[in-house]
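Chemist: Provided below are the primary sequence and the corresponding predicted coordinates.
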Amino acid sequence: MRLDYLTIFPEFFDVLGISLLGKAVDNGIVDIHAHDLRTWTHDRHRTVDDTPCGGGAGMVMKPDPWGEAFDDLLGADPDPSVHVVIPTPSGTPFRQDDAAQLSHADRIVFCCGRYEGIDHRVIDYASEHWSVHELSLGDYVLNGGEVAALAMTEAIVRLVPGVLGNPESLSEESYSQDQEGLLEYPVYTRPASWRGWDVPEVLMSGHHGHIAQWRREQSRELTRRRRPDLLTDE
Ligand SMILES: N#Cc1c(-c2ccc3ccn(Cc4ccccn4)c3c2)n[nH]c1N
């Protein structure tokens, strides 16, 4: 899987060389390239923004640098197997299903905007050539797309075979299908007693059936309290 990031702050993506994703890069499972969008500017000030047509506050990212970056990175031929992910507050919510689908992609280009966003014609042009996903990390406002791209990257890449040491852990996570889309149950480790708090007895019983039942009940109760929207049968 090749991941490209178009951004005016490429250093944001230096962290991808650390930990699990770093190992995935070292193992050749993932190939990461961050690009400074100003590479595709030609004026002395390396300008990437301009005032919004129709007025309004702030600045909008000019289309030209993005178009020239696309030309260099992707060429002009349409290829639906290339996924262009555009983090935006107006995007559809990024969910586990999106991560699962994108984990099968061979190529993903993240377009990280700043200011008040990217000239919409960039999205229109990309949509004619590649598979475009306008996605939002959540219902809050960030200053740009980089943080969202990092979060989406981790959610996507950890699902790629060979990246996680123990793929079984994927099936027991919150939002995973095996977890019936419920929140993950509380987890514990040693010591059995810590500052007056004990590990639930059932987890020390060695009775796998009782443990599984307790975990299901915990997941449903936690989901009922915190995320009733995830419950389908109530
Ligand atoms: N994903 C996601 C996001 C973003 C996001 C993503 C990209 C950009 C590019 C510029 N801005 C600033 C900005 C502020 C206000 C109105 C428009 N744009 C971004 C914000 N905010 N919140 C999310 N869940």
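Modeler: Yes, it's here.
Chemist: in stretch 183-191, what's buried?
Modeler: For stretch 183-191, the neighbour count (16 or more other CB atoms under 10 Å) marks L183, E184, Y185 as buried. Heads up, the C-betas are built off the backbone N, CA and C, glycines and all.
Chemist: and what of stretch 98-115?
Modeler: Buried residues in stretch 98-115, counted by 16+ other CB under 10 Å: 98-100, 102-103, 105, 107-115.
Chemist: for A155, which non-adjacent residue is spatially closest?
Modeler: Nearest non-adjacent residue to A155, counting by CB to CB, 6 or more residues apart in numbering: A99, 4.0 Å away.
Chemist: hmm, who's touching the helix or strand hosting the one you found?
Modeler: Using DSSP states H and E, A99 sits in helix 96-102. Helix 96-102 is contacted from outside by H83, V85, I108, H133, L135, M152, A155, I156, L159, Y175, S176, using CB atoms under 8 Å, 6 or more residues apart in numbering.
Chemist: isn't there a strand covering the fourth one?
Modeler: Yes: counting by DSSP: H, G, I helix; E, B strand; the rest coil, H133 falls inside a strand.
Chemist: now do the contacts for it.
Modeler: H83, V84, V85, I86, G91, D98, L102.
Chemist: specify the beta-bridge partners of it.
Modeler: Counting by DSSP bridges, H133 forms beta bridges with V85.
Chemist: quick one, longest helix in the chain?
Modeler: Longest helix of the chain, by residue count under DSSP state H: helix 208-226.
Chemist: buried stuff in it?
Modeler: So helix 208-226, judged by 16+ other CB under 10 Å, has buried residues I211, W214, R215, Q218, S219, R220, L222, T223.
Chemist: stretch 124-139 too?
Modeler: For stretch 124-139, by 16+ other CB under 10 Å, it's Y125, A126, H129, W130, S131, V132, H133, E134, L135, S136, L137.
Chemist: farthest pair in the residues you listed?
Modeler: Based on CB to CB, the longest span within the buried residues of stretch 124-139 runs between H129 and L137 and measures 24.7 Å.
Chemist: backbone phi and psi for I123, please?
Modeler: For I123, the backbone dihedrals (degrees, to the nearest 10) come out as phi -70, psi -40.
Chemist: same thing with S90?
Modeler: The phi/psi pair for S90 (degrees, to the nearest 10) reads phi -100, psi 10.
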